[in-house]
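S.K.: when you get a sec, could you give me coordinates for this:
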Amino acid sequence: MTARRSLTRHLLAWTLGALLAVWVSFVVVGYMTGRHEADELTDGHLASVASLLLAEREGRFAGRGDPAALAGPGSLKSHDYQQSMSVVVWNATGDLITRTGDAPTPPFAPSEGFETLHLGNPAVPWRAFSRWDGEGHQRKVMVLLSERERDDLAEDIAAQIAQPGLWLLPVIALVLGLAIRKGLRPLYDLSRDVHALDIRQREPLRHAHPEEEFRAVVDSINTLAARYHATLTRERELANELAHELRTPLAAITLQARALRDEPAGAARDDMLARLERDALRAGQVLADLLALARASRTELAEAAQVLDLGDLAREVVGEFAQAAHASGHELSLACPGPFSVTGHPLLLGLALRNLVENALGHTPRGTRVEVQLDPAGRWVQVCDDAGQGVAAAVVQGAGDGPRVRALGLGLGHRVVEKIAAIHGATFSQAAAPEGFASCYRLEFPPA
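M.R.: Prediction:
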């Protein structure tokens, strides 16, 4: 199982990585600086001792023992930085005047200054500083120090300089971890509040998050929740409206079934049976649409949204009503200059178009011209008729003995069309009728 990534661990890893790079650089630079300064220190000691000895006249060195064994106050005992120096003194002709220390006697040379000599058998390196007593060159003094002691001192000083970095890293890592965790506390609080947010409730995030960096996140979450509730409310209202509007068609089917009891056998009875069957099937289709809408969550609706050609959908709807329009004496046509791409739900958009066409056919007398018009450039679709009558009768008194129930119209009302338009970000309204028509209802979609 793959462990989930943690922002705290991610931030801490990057911070400690950067700190480790700086720490290593600090230790290396400190160590190198310590060695360099130790070398400078020992060279300074050599030069200082040589200067002191040049100021002494006619003296000779006596034998010496271990400095640690010399009697005296404790402060004069061997020190960590006390070094065993050797001194050699020559006269102007290069004859040895006196010497002291463990270093072998180096060969005489008139040059002066710092140098590294390899003396003894086997030869070992010695750091040396030599100097004449003045322009007369009467005495030359050389002070020597074993390179091993010099390196030991350099290692000790370098270690003392670099040692704080060895314990500084874990201490800083611990303090930095606590500081990062404390600094990310508002993020933890926001994560907890988001996790506890019940999307089914209208309440926003429970706690205030005053941090400037989180303001946009909190506002976006609250806005998203508000939009979700608004959309869910529209869907519920649409479902309730569909259920309410279906009562009338179902009642009409019941009336037709009752009317069949008194209708004698013949062509009229067969026609009523065919209409009853057709209307029952259409009512069943609307019920299926209603159930699909009621079961669909907002996420499922968003996933079901697709790019579709509204012209193809309009042609399909007009084709479905062609036979009914011919039977009712209406002239049904379609005006679509080209493809009309929209992003939406075919089920809902088809339901809206069927509602508008069915209302136009059901609310106008015979001989009325009904036309579905699309304008891809203006991004609207409208249904127009040249009668302008907006009142439908569920029961029409025909010629003959008793009432005749007109064909069932599943006109679900303009409120349903308005809700479907709102789901798609469109607007539904009565538009100015073009020339040759009396009334027009339009669905206008936002720009692509």
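
S.K.: CA only for contacts and neighbour counts going forward, please
M.R.: OK.

S.K.: and the helix or strand that contains residue 188, how far out from the chain middle?
M.R.: For residue 188, the host element (DSSP states H and E) is helix 185-196. How far helix 185-196 lies from its chain's middle: 16 Å, per C-alpha atoms, centre = their mean, to the nearest Å.

S.K.: model confidence over it, on average?
M.R.: Regarding helix 185-196, the rounded mean pLDDT is 80.

S.K.: with stretch 129-147 instead?
M.R.: Stretch 129-147 comes out at a mean pLDDT of 85.

S.K.: could you find the closest non-adjacent residue to residue 420?
M.R.: Nearest non-adjacent residue to residue 420, counting by C-alpha to C-alpha, 6 or more residues apart in numbering: residue 348, 6.4 Å away.

S.K.: give me the element that neighbour is part of.
M.R.: Assessed by DSSP H and E, residue 348 sits inside helix 346-362.

S.K.: quick one: list the elements packing against the next helix or strand after that helix.
M.R.: Per DSSP H and E, the first helix or strand lying C-terminal to helix 346-362 is strand 369-375. Counting contacts by 3 or more C-alpha pairs under 8 Å, 6 or more residues apart in numbering; DSSP states H and E, strand 369-375 is packed against helix 310-327, strand 331-335, helix 346-362, strand 380-385.

S.K.: now do the helices in this structure.
M.R.: Assigned by DSSP state H, the chain shows helices spanning 7-54, 147-183, 185-196, 212-262, 267-295, 298-304, 310-327, 346-362, 414-423.

S.K.: make JSON lines from those and add distance to residue 448 and mean neighbour count to it.
M.R.: Converted to JSON lines, those look like this (distance: least, C-alpha to C-alpha, whole Å; neighbours: other C-alpha atoms under 10 Å):
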{"stretch": "helix 7-54", "distance to residue 448": "38", "mean neighbour count": "16"}
{"stretch": "helix 147-183", "distance to residue 448": "44", "mean neighbour count": "16"}
{"stretch": "helix 185-196", "distance to residue 448": "33", "mean neighbour count": "14"}
{"stretch": "helix 212-262", "distance to residue 448": "21", "mean neighbour count": "15"}
{"stretch": "helix 267-295", "distance to residue 448": "25", "mean neighbour count": "15"}
{"stretch": "helix 298-304", "distance to residue 448": "17", "mean neighbour count": "12"}
{"stretch": "helix 310-327", "distance to residue 448": "13", "mean neighbour count": "17"}
{"stretch": "helix 346-362", "distance to residue 448": "16", "mean neighbour count": "21"}
{"stretch": "helix 414-423", "distance to residue 448": "15", "mean neighbour count": "20"}
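
S.K.: I'd like those laid out as TSV, including distance to residue 440.
M.R.: Supplementary listing: the helices of the chain in TSV, determined by distance: least, C-alpha to C-alpha, whole Å:
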stretch	distance to residue 440
helix 7-54	58
helix 147-183	62
helix 185-196	47
helix 212-262	22
helix 267-295	24
helix 298-304	29
helix 310-327	16
helix 346-362	9
helix 414-423	13
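
S.K.: pLDDT below threshold where in the stretch 201-350 of the chain?
M.R.: 206-210, 213, 238, 242, 245, 248-249, 282, 285-286, 288-304 (pLDDT under 70).

S.K.: now with 90, please.
M.R.: Across the stretch 201-350 of the chain, the ranges flagged by pLDDT under 90 are 201-306, 324, 327-328, 338, 344-350.

S.K.: hang on, the earlier thing: of the helices and strands packed on strand 369-375, which is nearest residue 281?
M.R.: Proximity to residue 281 (C-alpha to C-alpha) singles out helix 310-327 among the helices and strands packed on strand 369-375, at 13.2 Å.

S.K.: which strands and helices sit next to that closest one?
M.R.: strand 331-335, helix 346-362, strand 369-375.

S.K.: from the chain's centroid, how far away is the second one?
M.R.: Averaged C-alpha coordinates place helix 346-362 at 42 Å from its chain's average position (C-alpha atoms, centre = their mean).

S.K.: which ones are touching residue 342?
M.R.: The contact partners of residue 342, by C-alpha atoms under 8 Å, 6 or more residues apart in numbering, come to 307, 308, 309, 310, 448.

S.K.: which one is residue 53 nearest to, not counting chain neighbours?
M.R.: residue 141 (7.2 Å).
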